[in-house]
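> Return a 3D structure for these sequence lines:
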Amino acid sequence: MVNSSGNLRLKMAQSDDVDPEETQEWLEALEGVLGAAGSDRALFLLSQLDDFVKAHGIKPNSLPYSAYRNTISLDNEGVYPGDLELEERISSINRWNALVMVVRANKAYGELGGHIASYASVAEIFEMGFNHFFQARTEANGGDLVFYQPHSAPGVYARAFLEGRLSEHDLSFYRRESGGGGLSSYPHPWLMPDFWQFPTGSMGIGPINAIYQARFMRYLENRGLAQTHDRHVWGVFGDGEMDEPESIAGLTLAAREQLDNLTFIINCNLQRLDGPVRGNGQIIQELEALFTGAGWNVIKVIWSSDWDPLFARDASHALLRRFAQTVDGQYQTLGAKDGAYNSLEFFQKDPEVQRLVSHMSDKDIDGLRRGGHDFRKLHAAFLAAKSHVGQPTVILAKTKKGYGMGGAGESRMTAHQAKKLDFDALKAFRDRFSLPLSDLEVEQLRFLKPAQDSAEIRYIGERRKALGGAVPSRMARSGELLKVPAIESYARFAREAKG
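Alright, predicted model coming up:
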């Protein structure tokens with residue numbers, strides 16, 4: 001995809017430009033085509049140029065991925081349909097309740113386990129699905145199929161708590177299933193048959209099963225066995241999980257079958273269980289190349305709306321050059337530090353980039369978020385994915401592991417193993433998200449649930465009603481049994497088979 005005027009997707013040439021004036025003329029000509037005839041015409045001309053140089057024995061030194069920025073331009077985002085303020089508050093409450101579940105369990109039982117940082121990074125992605133896209137099963141619609149990142153299960157329980165589907169007692173028994181109660185560590189229908197649709201707790205089984213579920217739904221539709229055209233398969237997975245052989249084994253099958261009823265959302269927080277996913281590389285760029293090569297539609301959500309004014313002022317693409325020079329290990333360090341450190345170690349390393357933020361304070365720089373925490377950017381990506389025809393889509397959403405945990409784990413290599421937070425860290429978390437909790441309630445690890453008639457609870461109910469009901473939810477009984485044809489129906493087949 002080529003972005004609109006001012007957002008041209010350019011490769012950063014490593015060699016010096018021997019004729020900048022000529023280069024500018026070419027760019028202006030292409031910009032004119034974009035404005036007058038649109039992106040399809042521009043792409044056609046570029047493909048013709050590519051064919052021309054190859055016919056003359058010139059092999060373009062092109063990269064297998066696009067620049068390190070959002071695929072969808074600001075001009076193409078559209079109007080956000082939700083209440084941003086309410087959705088931010090709901091996400092903050094879910095983050096707190098998910099955290100409390102894990103900390104309570106490990107405070108009482110030592111090494112019971114669980115993960116705080118994973119859901120903290122993916123909260124906005126889940127909320128986007130719950131509020132705007134994940135369709136429940138109804139009489140008229142079989143419902144979407146959703147595969148959840150397993151380590152983020154506490155966040156799904158926290159959401160179900162606000163919906164009234166789980167009680168505070170249920171949340172208090174996270175990872176304690178003795179006696180047939182409690183909440184399972186990871187999604188699994190055997191353990192919670194009315195709740196989880198699919199098991200995803202073994203890394204890799206979620207992605208490959210999502211592909212085959214999407215394929216089977218298409219099989220049923222094509223043979224007139226079921227109406228599945230209005231159903232979608234969503235899978236939220238981790239970037240580290242994509243190193244599992246099963247995660248990528250079915251990618252080309254999904255592309256060959258043109259499974260446009262399938263969307264992966266990869267939570268690119270740049271960390272795996274025991275360290276960085278690609279400390280000396282860029283996992284988002286690597287995954288873009290992988291999925292593009294396999295035939296998927298790729299949408300990158302890297303930077304939040306906070307960055308849009310900087311991109312608008314960056315006529316020379318200095319930011320893109322700086323992004324290309326920065327590997328994931330450095331991004332993790334930048335994510336763990338404050339605005340002053342980011343100003344010094346990222347922006348001030350390049351005079352052009354420094355000028356772009358010369359009007360910004362350290363606090364302003366500290367507020368530059370990653371795209372996976374921005375509802376506007378995520379909605380544009382989800383909508384584009386569901387509307388895309390002819391290919392499966394992957395959304396590569398950049399996030400921070402442990403978002404909101406501050407010094408207790410935000411963007412730090414210890415984040416995945418963090419299961420306990422001290423009183424000061426808990427208070428800092430409360431203050432970060434402006435949660436209505438007293439110091440005593442924080443110390444007591446109280447769950448937070450707004451009143452039934454509050455704006456938050458009403459909004460959650462309205463959004464799920466519009467999408468058909470609760471998700472995740474599993475129906476443990478089959479529909480009406482098919483009538484078996486009479487034996488005479490097989491006579492012709494038996495004769496032809498000489499059986």
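> gap between the longest helix anywhere in the chain and the chain center?
If you go by DSSP state H, the chain has its longest helix at helix 84-109. Helix 84-109 has its C-alpha centroid displaced from the chain centroid by 19 Å (C-alpha atoms, centre = their mean, to the nearest Å).
> buried ones in it?
For helix 84-109, the neighbour count (16 or more other C-beta atoms under 10 Å) marks 86-106 as buried. Where C-beta positions appear, they are placed from N, C-alpha and C, glycine not excepted.
> now stretch 378-395
Here stretch 378-395 shows 378-386, 391-395 as buried, counting by 16+ other C-beta under 10 Å.
> Pick the one among the residues you listed closest to residue 63.
Closest approach between the buried residues of stretch 378-395 and residue 63, by C-beta to C-beta: residue 394, at 18.0 Å.
> How about residues contacting the helix or strand where the closest one lies?
Per DSSP states H and E, residue 394 falls inside strand 393-398. For strand 393-398, the external contacting residues (C-beta atoms under 8 Å, 6 or more residues apart in numbering) are 125, 260, 262-270, 284, 287-288, 291, 296-303, 370-372, 378, 381-382, 384-385.
> and the residue lying closest to residue 370 once chain neighbours are set aside, how many neighbours?
Nearest residue to residue 370, sequence neighbours excluded (C-beta to C-beta, 6 or more residues apart in numbering): residue 398, at 4.5 Å. Number of residues near residue 398 (other C-beta atoms under 10 Å) recorded here: 29.
> low-scoring stretches of this protein, by residue?
Residues of the chain meeting the criterion pLDDT under 70: 1-16, 108-114, 178-180, 407-409, 411-420, 478-479, 498-499.
> if we go to 80?
1-16, 60-62, 106-116, 175-181, 273-274, 406-420, 476-482, 492-499 (pLDDT under 80).
> what's the domain layout of it?
The chain breaks down into these domains under automatic domain parsing: 1-62, 76-304+369-466.
> closest one to residue 473 among these?
Nearest of the domains of the chain to residue 473, taken as C-beta to C-beta: domain 76-304+369-466 at 6.6 Å.
> so which of the domains of the chain is the most packed in?
Neighbour counts (mean count of other C-beta atoms under 10 Å) averaged over each of these peak at domain 76-304+369-466, with a mean of 19.
> gap between the two ends of it?
25 Å (C-alpha to C-alpha, to the nearest Å).
> What of stretch 218-226?
9 Å.
> from the middle of its chain, how far away would it be?
29 Å.
> And the contacts of it?
For stretch 218-226, the surrounding residues in contact (C-beta under 8 Å, 6+ apart) are 142, 217, 227, 228, 229, 257, 259, 261.
> from memory the first one sits against residue 229, does it?
This points to residue 142. No - contact criterion C-beta atoms under 8 Å: residue 142 and residue 229 do not qualify, at 10.5 Å.
> the helices in the stretch 1-150 of the chain, which residues?
According to DSSP state H, counting those that start in this stretch, the stretch 1-150 of the chain carries its helices in the segments 20-37, 39-55, 84-109, 117-128.
> Please name whichever of the ones you listed is nearest to residue 359.
In terms of C-beta to C-beta, the element of those nearest to residue 359 is helix 84-109, at 24.8 Å.
> Inside strands: which ones of the contacts of strand 393-398?
Using DSSP state E, the members of the contacts of strand 393-398 that fall in strands are 262, 263, 264, 265, 266, 267, 268, 297, 298, 299, 300, 301.
> for the closest residue to the last one other than its chain neighbours, what are its contacts?
Same thing as residue 301. Nearest residue to residue 301, sequence neighbours excluded (C-beta to C-beta, 6+ apart): residue 371, at 3.9 Å. Contacts for residue 371 (C-beta under 8 Å, 6+ apart) come out as 70, 300, 301, 302, 303, 304, 377, 378, 397, 398.
> Can you tell me how far residue 371 is from residue 268?
9 Å (C-beta to C-beta, to the nearest Å).
> what are the phi and psi angles of the residue nearest to residue 283 when sequence neighbours are not counted?
Closest residue to residue 283 apart from its sequence neighbours, by C-beta to C-beta, 6+ apart: residue 277 at 4.6 Å. Note on residue 277: backbone dihedrals following degrees, to the nearest 10 are phi -70, psi -50.
> Residue 277 and residue 285 touch, don't they?
No - at 11.9 Å, residue 277 and residue 285 do not qualify as touching, with contact defined as C-beta under 8 Å.
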